[in-house]
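Chemist: from the sequence below, what's the structure:
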Amino acid sequence: MPYEWSESRRHLTLWPHRSLPRRGFAVVIALFFGLAMVPLIGLLGTALLWGLLPFGLAALAALWFGLRLSYRSGEVVETLSISPRDTILLRRNPDGSEQGWECNTYWARAEIHEKGGPVPWYVTLNGNGRRVEIGAFLSEPERRALYGELASELAERRDGGGGAPLP
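Modeler: Residues are numbered from 1 along each chain as shown. As a prediction, this is how the structure comes out:
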């Protein structure tokens, strides 16, 4: 799964799934270039080659740009830290900006919304007067599993971790 608990289940890191690793990116680009150039072999030495070559290179550039854009949008990382006192969610966006949410662990709650969110089985954290999404980029089964783990972890910290509300 594209998330992992660490430090005795007090710290959670989430990231989008990568279906095409970096090495696969190079293979796809090379394979596309090679296959796009095969029909042009018969046109070597003719003026028609120079008429068709820009279109093949434009298609290669479009594929390159599309894959790079996909990689860039997948650079989202969310980190959740749960202590007996505070629950903190930080999200680093692809453009480098960061968003944060903080709440007393006693009041933090995980919720799952089967319908009505941007994705089915939408997971949110509630507390401190705000509702924030977590793991919206995960697949549906991963969001369901994440909700169960989050709800039990927050309940454990709240009940057994000395997370009484602060005045």
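
Chemist: any buried residues in stretch 33-48, and which?
Modeler: Using 16 or more other Cβ atoms under 10 Å as the test for burial, stretch 33-48 gives residue 36. C-beta: built from backbone N, CA, C; applies to glycine.

Chemist: per-residue confidence averaged over that stretch?
Modeler: Mean pLDDT, stretch 33-48: 91.

Chemist: ok, which stretches of this structure are helices?
Modeler: Applying DSSP state H to the chain gives helices spanning 22-37, 47-73, 140-160.

Chemist: the longest one: how far from the chain's middle?
Modeler: Here the centre of mass of C-alpha atoms in helix 47-73, compared against the chain's by Cα atoms, centre = their mean, to the nearest Å, lies 26 Å away.

Chemist: could you do the last one as well?
Modeler: Put simply, helix 140-160 sits 19 Å off its chain's centre (Cα atoms, centre = their mean).

Chemist: other SSEs contacting it?
Modeler: Contacts defined by 3 or more Cβ pairs under 8 Å, 6 or more residues apart in numbering; DSSP states H and E place helix 140-160 against strand 3-6, strand 77-82, strand 109-113, strand 122-127.

Chemist: between those, which one is closest to residue 156.
Modeler: strand 77-82 (9.0 Å; Cβ to Cβ).

Chemist: partner strands of the closest one, parallel or antiparallel?
Modeler: Counting by DSSP bridges, the strands paired with strand 77-82 are strand 11-14 (antiparallel), strand 86-92 (antiparallel).

Chemist: any chance of CSV for the ones you listed, columns mean pLDDT?
Modeler: Shown next, in CSV, are the strands paired with strand 77-82 (pLDDT from 0 to 100):
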stretch, mean pLDDT
strand 11-14, 91
strand 86-92, 94
